[in-house]
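>>> Pasting the sequence and the predicted model now:
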Amino acid sequence: METLISGRCDLHSVPDSYVLSANTRPGKDEVPFFESIPVIDLGINSIHDRPGVVSQILEAAREFGLFQLTNHGISAEQMEDTLRVAKEFFHLPMEEKGKYFSEDPKQSCRLYTSIEYRKEKVHFWRDALRHPCYPLEDHWHSWPEKPDWYREVIGRFSTEVRKLSLLLLGLIGEGLGLEHGFFNEGLTRVQLLALNHYPPCPDPSLTLGLPPHGDVNLITVLLQGKVPGLQFLREGSWLAVRPCPGALLVNIGHALEVISNGNVRTVEHRVVTDGQHERTTVGSFIHPAYDSQIEPARKLVNDRGGRPLYKSVTYKDFVSTYIVDTYEIKPFPERYALKRD
Ligand SMILES: O=C(O)CCC(=O)C(=O)O
Ligand SMILES: [Fe+2]
């Protein structure tokens, strides 16, 4: 528990165990904001131009692997409450939040720090609270009891964000020409919520909040406040995401890239820290069930003259490969032994 970075606000310099090697640290060069991330107006209350929305989403998912989404149906008030309760959780006294601290990745609801503190060579400047949230009634009782409104606010947000994620998967499926209902219960069985907290850092040039990675799951919806920190790799250069008020950020995960046979792509991203401000984000991750087979959809293989670009593996094996590769901070092109030769 003493390893939580949010408990070490007395630090005036970055401890050696958080200092990245010269070629993996962000350094002092300024990373420009990329102003052309697609902003897609979902117009949730009246998707009157459905084919138009489908093609914008598909284009963004193919070209960038991420986009900002507005008019998504989650109210500004609900977004504010969710971020507020997340911040409040990390500001609870150590005795209270420490009840959820665990170093066992198998623990369902857990507070932890970095990625896997005891195993990794270098640590990352992030604490996280992670728990499953679907079906709600199976999980909410394992969530924090404090702040008092945690379960109510997070329960409502996770339900809404799951609905939105499934709608997005449906629209992507439509755009790819997959049959209605392709993203079935097995492929979308698991929803994990991660509350990420990045305290201010004495020297953001030396460390990262999260290392370069692509999300392993199908689709991620990220709620972030006003403090920037997320960066993505485009044509070999890091670019910063400017937080867009009222919008949610959507990322395509690796499992979806594989299912789409490369028609949509995962974006490599990382999180930098801020010298002055803390940053809190809430991510919702839709994962397939562990025993699901992850492989390119038959129709999309046929579209490529019968050539699957990726191997077929169970989601369990898929995730194991992913975890090993992320620890080792392998350069992106070498990651994931999933591409076919
Ligand atoms: O906190 C963020 O901005 C991104 C978090 C993220 O990439 C993740 O949890 O996978
Ligand atoms: Fe991520």
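Received the coordinates, thanks. Only a predicted model underlies this, so the values are computations on that prediction, with no experimental measurement involved. Numbers count the residues shown, from 1 in each chain. Ligands and ions are numbered 1, 2, ... in the order given.
>>> what residues are up against the residue in the stretch 101-250 of the chain that ligand 1 sits nearest to?
Per Cβ to the nearest ligand atom, residue 230 is where the stretch 101-250 of the chain lies closest to ligand 1, at 3.8 Å. The C-beta positions use only the backbone N, C-alpha and C, and glycine is treated the same way. If a contact means Cβ atoms under 8 Å, 6 or more residues apart in numbering, then residue 230 has 222, 224, 240, 241, 249, 269, 270, 271, 281 as its contacts.
>>> Now do the helices in the chain.
Taking DSSP state H, the helices of the chain run over residues 50-63, 76-90, 94-97, 136-139, 150-176, 254-259, 298-303, 315-327.
>>> Could you dump the ones you listed into a markdown table with distance to ligand 1 and mean neighbour count added?
Formatted as a markdown table, those follow (distance: least, Cβ to the nearest ligand atom, whole Å; neighbours: other Cβ atoms under 10 Å):
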| stretch | distance to ligand 1 | mean neighbour count |
| --- | --- | --- |
| helix 50-63 | 17 | 17 |
| helix 76-90 | 11 | 18 |
| helix 94-97 | 18 | 14 |
| helix 136-139 | 19 | 14 |
| helix 150-176 | 14 | 20 |
| helix 254-259 | 11 | 26 |
| helix 298-303 | 26 | 14 |
| helix 315-327 | 10 | 17 |
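>>> which ones are touching the nearest residue to residue 55 once chain neighbours are set aside?
Once flanking residues are discounted, residue 55 sits nearest to residue 175: 6.5 Å by Cβ to Cβ, 6 or more residues apart in numbering. Going by Cβ under 8 Å, 6+ apart, residue 175 touches 54, 55, 57, 58.
>>> List just the nearest of those residues to residue 277.
residue 57 (31.4 Å; Cβ to Cβ).
>>> My guess is the closest one contacts residue 65. True?
No. Between residue 57 and residue 65 there is no contact under Cβ atoms under 8 Å: 11.8 Å.
>>> Tell me how far the residue nearest to residue 55 lies from residue 240.
Residue 175 is 28 Å from residue 240, where distance means Cβ to Cβ, to the nearest Å.
>>> Residue 272 now?
8 Å.
>>> Spell out which residues of the stretch 151-300 of the chain are next to ligand 1.
Selection of the stretch 151-300 of the chain residues close to ligand 1 by Cβ under 6 Å from any ligand atom yields 194, 196, 210, 215, 222, 224, 229, 230, 269, 271, 281, 283.
>>> low-confidence ranges in this protein?
Counting by pLDDT under 70, the chain contains low-confidence ranges at 47, 323-341.
>>> In it, what residue spans correspond to strands?
For the chain, the strands defined by DSSP state E cover 39-41, 66-70, 110-113, 127-132, 190-198, 210-213, 219-224, 230-234, 237-240, 248-252, 269-271, 279-287, 293-294, 313-314.
>>> Run the angle between the fifth one and helix 150-176 for me.
This means strand 190-198. 120 degrees (axes from the mean of the first three to the mean of the last three Cα atoms, to 10 degrees).
>>> circling back: could you redo the helices of the chain as a markdown table and give each row distance to residue 205?
Formatted as a markdown table, the helices of the chain follow (distance: least, Cβ to Cβ, whole Å):
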| stretch | distance to residue 205 |
| --- | --- |
| helix 50-63 | 30 |
| helix 76-90 | 24 |
| helix 94-97 | 29 |
| helix 136-139 | 39 |
| helix 150-176 | 33 |
| helix 254-259 | 29 |
| helix 298-303 | 42 |
| helix 315-327 | 22 |
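>>> Select, out of those helices, the one closest to residue 203.
Closest among those, using Cβ to Cβ: helix 76-90, at 21.2 Å.
>>> Give me the helices and strands touching the closest one, please.
strand 127-132, helix 150-176, strand 190-198, strand 219-224, strand 279-287 (3 or more Cβ pairs under 8 Å, 6 or more residues apart in numbering; DSSP states H and E).
>>> Please identify which of the ones you listed is closest to residue 263.
So among the helices and strands packed on helix 76-90, helix 150-176 is nearest, using Cβ to Cβ, at 5.8 Å.
>>> That closest one to strand 279-287, inter-axis angle?
Using the same axes, to 10 degrees: helix 150-176 against strand 279-287 is 60 degrees.
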